[in-house]
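Q: sharing a model prediction with you, sequence too.
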Amino acid sequence: MLEYNLPKYLPSAEELPDSDETPVDNELQELIPGLLKAILLMLWSERMDWLFAIDMGIYYHPDKPPIVPDGFLSLGVERFYDEELRPSYVLWDENVVPIFVLEVVSQNYRKEYTTKLDEYEALGILYYVIYSSRRRRKPHLEVHKLVNGKYELQEGNPVWLAEIGLGIGCERGNYCGVTREWMYWYDEQGQRYLTPAEQVKQEAQRAQQEAQRAQQEAQRAQQESLRAQQESLRADVAEQRVQQLAEQLRALGINPDNLS
């Protein structure tokens with residue numbers, strides 16, 4: 001955990017700049033954390049004790065500029081303060097250090113593997129995740145876990161984050177109409193959680209299948225009813241023939257009741 005001496009006066013989030021005004025280098029720095037947040041909004045829709053922020057400043061000292069990761073997750077905090085939402089994340093107000101931080105490496109290297117790693121390690125952030133699709137000889141995804149005050153690289157894809165109850169990994173998929181490698185959340189068995197669009201599609205397919213089954217059941221019921229009507233009609237015809245034959249026998253002076 002970062003140790004520092006805070007001054008007596010501590011500004012609130014509203015009094016601090018809400019951005020470092022540094023533009024993102026490409027869309028992936030917004031889309032990748034945006035996809036992770038969108039999935040969480042579906043998975044944890046009933047929970048109000050978490051925050052996933054994108055390009056939001058983390059203030060750890062009032063006299064120093066904030067650290068601005070591409071995305072971060074905090075647990076055990078209020079999801080919303082009010083309708084204005086958070087302008088920034090101020091540690092002395094929140095009293096909770098983010099548990100997960102994400103950096104998406106772009107063509108303009110921002111020392112994600114060196115300086116930022118040291119900064120997040122000093123802050124005491126449990127999981128530091130770096131994603132770079134530009135790497136050729138090394139894995140695109142690195143998950144570092146804080147163990148005894150030092151980051152240790154975790155193996156695998158996806159990597160299970162036990163303290164969060166989710167896995168993090170990457171694979172090819174489609175998001176916003178773009179087919180490429182994306183980052184996703186996973187369950188403990190390594191099964192990927194669906195994106196909102198995939199969930200909508202799945203629900204639509206399920207509803208269509210239910211409608212088809214209902215239609216098939218209605219058709220079977222209609223066929224059964226038709227068969228019952230046909231059987232009833234045949235029974236009526238047979239009864240009529242028996243009555244006609246009995247009448248013919250009586251006309252000949254034969255009592256049909258004595259034929260048995």
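A: Received, thanks.

Q: ok, the residue most central in space within the chain to residue 94 distance?
A: In the chain, the C-alpha nearest the mean C-alpha coordinate belongs to residue 39, at 2.8 Å (C-alpha atoms, centre = their mean). Distance, residue 39 to residue 94, by C-beta to C-beta, to the nearest Å: 23 Å. C-betas here are computed from N, CA, C, even on glycine.

Q: same thing with residue 170?
A: Taken as C-beta to C-beta, the span from residue 170 to residue 94 is 29 Å.

Q: that's a helix at residue 113, yeah?
A: No. Using DSSP: H, G, I helix; E, B strand; the rest coil, the secondary structure at residue 113 is coil, not a helix.

Q: how about stretch 31-39: buried residues?
A: 31, 32, 33, 34, 35, 36, 39 (16 or more other C-beta atoms under 10 Å).

Q: scratch that, stretch 172-180
A: 173, 175.

Q: that one: how far from the chain's middle?
A: Stretch 172-180 sits 15 Å away from the centroid of its parent chain (C-alpha atoms, centre = their mean, to the nearest Å).

Q: now that stretch - C-alpha only, PDB.
A: In PDB, the C-alpha atoms belonging to stretch 172-180 read as follows (Å, rounded to 0.1, in the frame of the first residue of the first chain):
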ATOM      1  CA  ARG A 172     -11.500 -13.500 -31.100                       C
ATOM      2  CA  GLY A 173     -15.100 -12.300 -31.300                       C
ATOM      3  CA  ASN A 174     -17.300  -9.500 -32.600                       C
ATOM      4  CA  TYR A 175     -18.100  -6.300 -30.800                       C
ATOM      5  CA  CYS A 176     -19.500  -3.100 -32.400                       C
ATOM      6  CA  GLY A 177     -19.400  -4.800 -35.700                       C
ATOM      7  CA  VAL A 178     -15.600  -5.400 -35.500                       C
ATOM      8  CA  THR A 179     -14.200  -9.000 -35.600                       C
ATOM      9  CA  ARG A 180     -10.900  -9.200 -33.800                       C
END
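
Q: which residues are contacting it?
A: For stretch 172-180, the surrounding residues in contact (C-beta atoms under 8 Å, 6 or more residues apart in numbering) are 31, 35, 133, 181, 182, 184, 195, 197.

Q: which two among those residues are spaced furthest apart?
A: Greatest spatial distance among these (C-beta to C-beta): 133 and 197, at 20.9 Å.

Q: and whichever helix or strand residue 242 is part of, how far out from the chain's middle?
A: Element membership of residue 242, judged by DSSP states H and E, is helix 196-251. Remark: helix 196-251 is offset 44 Å from the chain centroid, using C-alpha atoms, centre = their mean.

Q: likewise for stretch 75-89?
A: Using C-alpha atoms, centre = their mean, the offset of stretch 75-89 from its chain centre is 21 Å.

Q: which parts of it are buried?
A: Neighbour counts using 16+ other C-beta under 10 Å place 75, 77, 86, 87, 88, 89 of stretch 75-89 among the buried residues.

Q: residue 60 touches residue 88, doesn't it?
A: No. The criterion here is C-beta atoms under 8 Å, and residue 60 misses it with residue 88 at 11.2 Å.

Q: what residues are shared contacts of these two?
A: Common neighbours of residue 60 and residue 88 (C-beta under 8 Å, 6+ apart) are residue 66.

Q: now whichever strand or helix holds residue 179: average pLDDT?
A: Element membership of residue 179, judged by DSSP H and E, is strand 178-186. For strand 178-186, mean pLDDT is 96.

Q: for residue 257, grab phi and psi.
A: Main-chain dihedrals, residue 257, degrees, to the nearest 10: phi -70, psi -20.

Q: actually, residue 51.
A: Torsion angles, degrees, to the nearest 10, at residue 51: phi -140, psi 130.

Q: mind listing the strands for this structure?
A: Secondary structure of the chain (DSSP state E): strands located at 50-54, 58-59, 71-75, 89-90, 100-104, 127-131, 141-147, 150-154, 159-161, 166-175, 178-186.
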